[in-house]
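Peer 1: pasting a predicted model and its sequence here:
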Amino acid sequence: MPTVKGDGMRGLAVFISDIRNCKSKEAEIKRINKELANIRSKFKGDKTLDGYQKKKYVCKLLFIFLLGHDIDFGHMEAVNLLSSNKYTEKQIGYLFISVLVGASSDLMKLVIQSIKNDLVSRNPIHINLALHCMANVGSREMADSVGGDIPKLLTSGETIDSVKQSAGLTLLRLQRSSPEMIPLGEWTSRIIHLLNDQHMGVVTSATSLIEALVRKNPDEYKSCVSLAVSRLSRIVTASYTDLQDYTYYFVPAPWLSVKLLRLLQNYPPPEDPSVRTRLTECLETILNKAQEPPKSKKVQHSNAKNAVLFEAINLIIHMDSDPNLLVRACNQLGQFLQHKETNLRYLALESMCLLATSEFSHEAVKKHQDTVITALKTERDVSVRQRAVDLLYAMCDRSNAEEIVGEMLEYLESADYSIREEMVLKVAILAEKYAVDYTWYVDVILNLIRIAGDYVSEEVWYRVIQIVINRDDVQGYAAKTVFEALQAPACHENMVKVGGYILGEFGNLIAGDPRSSPLVQFQLLHSKYHLCSPNTRGLLLSTYIKFINLFPEIKTSIQEILGSDNNLRNPDVELQQRCIEYLQLSTVASPDVLATVLEEMPPFPERESSILAKLKKKKPTATAEGGEEKEKEPRTIPQAQVSTAEPAAPVPLQPVGNTAPAANTGGAIDLLGLDTAPAPAAPAASSGLGFLVDVFGDQPATNGVDDDSLTPGAEENFKKFFCKQNGVLFENDLLQIGIKAEYRQNLARVGVFFGNKTTFQFTNFTSNLVLADSIKSAVSVQPKAVDPVVDGGAQVQQLFNIECIDNFTDAPLLKISFTHSGQMQKLNLKLPVIISKFLEPAEMNSEAFFTRWKALSQPEQECQKIFKAQFPQDTEQVKQKVLGFGLSILQGIDPNPDNFVSSAILHTRNQQVGCLVRLEPNKQMQMYRLTIRSTKPEISKALGDLLETQF
């Protein structure tokens, strides 16, 4: 921007000084209102204002707007400044338009006309100002009216370099916002040849534009590859003195180098041998320079150098054709694994994950196995440990599987809660994929359940049961091992599930040993019965009836349990039905009939592991192992092909209830959920329903909200209630929904207010609260019906009396529907009833706090999160959020006054749980460390997940 001497605006400087000298917010507002009144009177009354005065007053309006005040006048004066021939006046006019005038403004036609006039002028400064305004506003109307002139400016030989730079970036902005408005077919060749321009700024601008165009139409711009390689070669072989204007801390044109390397990643390796050789030489040169001693100790030098290096490695991985380059890249990354800079270690691990999938570099990656294992155990940053887990998973093969799985199991005991579930899935996949001896596989899965039972998903124990049933050589060992595991005093429920299933099928294989006799097996399983959930109890009941078939000698003992009053009158209908039917079956049926009904489960059809489906959900961008990517995108850690079917819980008995499907002999039912496609009857049923709807009447129009999907914006509004009780939950042109809630220990009274903002009635108005299966047993709700008619401008209230029975993580879903002007409207919102609402602040002194803090020292009792601040780290605002969340603020406990120490008691019907919280802001790094300790690990995690979103 050129400097203009003697153009200082004294009035503006005085106004800014007055604002800065204001002692209070009220004084500032008073001074601003006075200035606005003065400017308004000048614009209305004084018709002889010259350009300088208009510019000064428009500048003041801009400053006032940047202070956070609304500006509703002065727009026309700013537009008038665009016609000035003085640079400063035109600049201020365009600046005001870019900041305060929207794309839909009525003044936009005048602005576009001024832009057209400036684009055809011979003054490059005026042309640049017009281009900058276009890039900032970027409206469709601008693209349609003026966009066709930009490619001419960009490719014209008469255009100076600074204008070409601006034209390239403006065209990039318009292409992103309105690609269809600016056809570039006739300009393609000339835009590509800008890569050969002598001015490096033009080349940088053109590379950004071409990369964006290549992603949309790679074939049309394929000829850019050779020019990009040529330009890259000239940069990497140049000395930093050759490109002085574009050298950054002794690194020639690092940003342009990175852009060119990214551009080349959109295409396969060049087919032309000369171009391919030249590209290989460029990449080798970049790798060689990485080995040279640094020319500067400043961090800017190493950052620029490493940026080019990592992008070159990404291109090498993308090409995946030169073994020498791949191995060299791996060795270079290996040096970064022990670098003192955390970011470099993270990037090295991430890139090596991709190298591990290449047949040329897999062995080279395996050489760094010990270093990666050390990083897994010693790294302080959880994100680096996560990448170490990914790399161990990627480098694993049959030769090192036992060692890697053993190390991951060992680390799992102390691993962060945020990565445990994914680690469990990966250990289970590796153990199955590379198991030579399936007894080892059984040991690994049982160890997983013992170490991290809460994180072992149903897919994992479904899979081990399938493998045990399908392999005769491991059935006896599995029965013996699981029997021994069940003898532990503290046994996870998933272990009980696996033990119940396997002993129900193969308990006879170990019944010859007096230590595992039939009665001992039954008594061992039944000792866990009262500690289990209803689903697991149902599985154990199925095991008991299997025992009657396997071991007739304990029939009487089992019948006593099935016929007990507690079971026959069980409030759970499913368990009651099973007990009655199993008791009758064991009493009425002959031994032959019993043996037929309760015969051993047949082998399952061999299918791909459903555990992989779970892992793919955790990493949805992963590509299928052995599969091909549909589009050429940046490569990610590949996963095996997975099943998308939802698994059903396996139980040993076939005929009872919908939780015990029969063995899949015809392909229609999949016991373990391992099939790769849904049953064929489902599509036919759904299509038939659609046919009936079309025949018998038109479907009512709706606002496009699915039955289960949340209304747009609902999640964000829901999170706003984490630290407050009252407010507006949802609002649109038709309806406003407000919340007013009161909480007392484990009880809540929530009022939902529905306000009709229109002048017409809402009819068929319904509001229903839906509880997910995961919280039906944890939350009790008593709703009050709402009036089905809401008059225009009226407000109705619906009350919910809620009791917290146990810990829960999902919020109730509020489903609202009504008819407005003949159109059905549907809203799905989350009712802000969360576990933290039942917290009661607790006060304690320093001695009591630290006594309880040290008592909660088990790893599973603590949830710690380190995260980036999402909002300004204002101490008062943070304090209000902590108090609004339901926590106390304990003074004088933490020596750092910026830290917050809190305590609270969580009230449920079943229990009261004490919670201790420590929040440590790091204002310099804009980070937080949050630590929560309680006697219940699931409560620590739930509160941590909620609190993390608020700071």
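Peer 2: Good, I have the coordinates. Small disclaimer: the values here were computed from a predicted structure and weren't measured.
Peer 1: now do the helices in the stretch 401-550 of the chain.
Peer 2: 401-412, 417-433, 438-452, 458-470, 472-486, 493-506, 518-526, 534-550 (DSSP state H, counting those that start in this stretch).
Peer 1: just the ones you listed: most buried one?
Peer 2: Counting by mean count of other CB atoms under 10 Å, helix 493-506 has the highest mean neighbour count of the helices of the stretch 401-550 of the chain, with a mean of 25. In this view, the C-beta of every residue, glycine as well, is placed from N, C-alpha and C.
Peer 1: between it and helix 472-486, how many degrees?
Peer 2: 130 degrees (axes from the mean of the first three to the mean of the last three CA atoms, to 10 degrees).
Peer 1: averaged pLDDT, helix 493-506. What do you get?
Peer 2: Over the span of helix 493-506, the pLDDT mean works out to 93.
Peer 1: alpha carbons of that helix, as PDB, please.
Peer 2: This file holds the C-alpha atoms of helix 493-506, laid out as PDB (Å, rounded to 0.1, in the frame of the first residue of the first chain):
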ATOM      1  CA  GLU A 493     -19.500 -58.400  33.200                       C
ATOM      2  CA  ASN A 494     -18.200 -59.000  29.700                       C
ATOM      3  CA  MET A 495     -16.100 -61.900  31.200                       C
ATOM      4  CA  VAL A 496     -19.300 -63.300  32.700                       C
ATOM      5  CA  LYS A 497     -21.000 -63.100  29.200                       C
ATOM      6  CA  VAL A 498     -18.100 -65.000  27.500                       C
ATOM      7  CA  GLY A 499     -17.900 -67.500  30.400                       C
ATOM      8  CA  GLY A 500     -21.600 -68.200  30.300                       C
ATOM      9  CA  TYR A 501     -21.700 -68.700  26.600                       C
ATOM     10  CA  ILE A 502     -18.500 -70.900  26.400                       C
ATOM     11  CA  LEU A 503     -19.300 -73.000  29.500                       C
ATOM     12  CA  GLY A 504     -22.900 -73.500  28.300                       C
ATOM     13  CA  GLU A 505     -21.500 -75.000  25.000                       C
ATOM     14  CA  PHE A 506     -18.300 -76.700  26.100                       C
END
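Peer 1: which residues sit against it?
Peer 2: If you take CB atoms under 8 Å, 6 or more residues apart in numbering as the criterion, helix 493-506 is touched by 445-446, 449-450, 453, 456, 461, 464-465, 468-469, 475-476, 478-479, 482-483, 485-486, 521, 525, 528, 531-533, 536, 539-540, 542-543, 546-547, 550, 600-601, 650-652.
Peer 1: again with stretch 898-907
Peer 2: Stretch 898-907 is contacted from outside by 745-746, 804, 807, 835, 838-844, 849, 852, 875, 878-879, 882, 886-890, 893-894, 912-921, 923, 934, 939, using CB under 8 Å, 6+ apart.
Peer 1: buried residues in that stretch?
Peer 2: 900-907 (16 or more other CB atoms under 10 Å).
Peer 1: now render those residues as CSV, adding pLDDT, secondary structure and distance to S84.
Peer 2: As requested, those are exported to CSV (pLDDT from 0 to 100; DSSP: H, G, I helix; E, B strand; the rest coil; distance: CB to CB, whole Å):
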residue, pLDDT, secondary structure, distance to S84
F900, 88, strand, 55
V901, 90, strand, 61
S902, 90, strand, 59
S903, 90, strand, 65
A904, 90, strand, 63
I905, 90, strand, 69
L906, 89, strand, 67
H907, 88, strand, 69
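Peer 1: show me the strands in the stretch 851-951 of the chain, by range?
Peer 2: 862-868, 900-907, 912-922, 927-934 (DSSP state E, counting those that start in this stretch).
Peer 1: so which of those strands is the most packed in?
Peer 2: Each of those was scored by mean neighbour count; the highest is strand 900-907, a mean of 22, by mean count of other CB under 10 Å.
Peer 1: partners of that strand in the sheet?
Peer 2: Next to strand 900-907 in the sheet, as set by DSSP bridges, lie strand 839-841 (antiparallel), strand 912-922 (antiparallel).
Peer 1: which of these sits closest to A356?
Peer 2: Nearest to A356 among the strands paired with strand 900-907 is strand 912-922 (34.4 Å), distances taken as CB to CB.
Peer 1: for the closest one, give the mean pLDDT please.
Peer 2: Averaging pLDDT along strand 912-922 gives 88.
Peer 1: just want the angle from that strand to strand 927-934.
Peer 2: Using the same axes, to 10 degrees: strand 912-922 against strand 927-934 is 160 degrees.
Peer 1: neighbouring contacts of strand 912-922?
Peer 2: Residues outside strand 912-922 that contact it (CB under 8 Å, 6+ apart): 839, 842, 849, 852-853, 856, 869, 873, 878, 882, 887, 894, 896, 898-906, 927-936, 939-940, 943, 947, 951.
Peer 1: okay, the angle between that strand and strand 862-868?
Peer 2: Going by the same axes, to 10 degrees, strand 912-922 makes 30 degrees with strand 862-868.
Peer 1: re the thing from before, quick one: buried ones out of the contacts of stretch 898-907?
Peer 2: The buried subset of those (16+ other CB under 10 Å) comprises 745-746, 804, 807, 835, 838-842, 844, 849, 878, 882, 886-888, 890, 893-894, 913-921, 934, 939.
Peer 1: any weak-confidence spans in this structure?
Peer 2: 1-8, 46, 240-242, 606-708 (pLDDT under 70).
Peer 1: ok so, going back, dump the helices of the stretch 401-550 of the chain to JSON lines, plus distance to N85.
Peer 2: Below are the helices of the stretch 401-550 of the chain laid out as JSON lines (distance: least, CB to CB, whole Å):
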{"stretch": "helix 401-412", "distance to N85": "71"}
{"stretch": "helix 417-433", "distance to N85": "61"}
{"stretch": "helix 438-452", "distance to N85": "73"}
{"stretch": "helix 458-470", "distance to N85": "72"}
{"stretch": "helix 472-486", "distance to N85": "87"}
{"stretch": "helix 493-506", "distance to N85": "79"}
{"stretch": "helix 518-526", "distance to N85": "93"}
{"stretch": "helix 534-550", "distance to N85": "81"}
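Peer 1: nearest to R385, out of the ones you listed?
Peer 2: Minimum separation from R385 across these (CB to CB) falls at helix 417-433, 6.9 Å.
Peer 1: what angle sits between the closest one and helix 438-452?
Peer 2: In terms of direction (the same axes, to 10 degrees), helix 417-433 departs from helix 438-452 by 170 degrees.
Peer 1: adjust the sequence numbering to begin at 736 for everything that follows.
Peer 2: Yep, numbering from 736; the last one is helix 1152-1168 now.
Peer 1: alpha carbons of helix 1152-1168, as PDB, please.
Peer 2: Extracted in PDB, the C-alpha atoms of helix 1152-1168 (Å, rounded to 0.1, in the frame of the first residue of the first chain):
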ATOM      1  CA  TYR A1152      -9.300 -43.300  28.700                       C
ATOM      2  CA  SER A1153      -9.700 -41.400  25.400                       C
ATOM      3  CA  ILE A1154      -7.800 -44.000  23.400                       C
ATOM      4  CA  ARG A1155      -8.600 -47.200  25.300                       C
ATOM      5  CA  GLU A1156     -11.500 -48.300  23.200                       C
ATOM      6  CA  GLU A1157      -9.600 -47.900  20.000                       C
ATOM      7  CA  MET A1158      -6.600 -49.800  21.400                       C
ATOM      8  CA  VAL A1159      -8.900 -52.600  22.500                       C
ATOM      9  CA  LEU A1160     -10.300 -52.900  19.000                       C
ATOM     10  CA  LYS A1161      -6.800 -52.900  17.400                       C
ATOM     11  CA  VAL A1162      -5.400 -55.500  19.800                       C
ATOM     12  CA  ALA A1163      -8.400 -57.700  19.100                       C
ATOM     13  CA  ILE A1164      -7.900 -57.300  15.300                       C
ATOM     14  CA  LEU A1165      -4.200 -58.000  15.400                       C
ATOM     15  CA  ALA A1166      -4.600 -61.000  17.600                       C
ATOM     16  CA  GLU A1167      -7.100 -62.600  15.300                       C
ATOM     17  CA  LYS A1168      -5.400 -61.600  12.000                       C
END
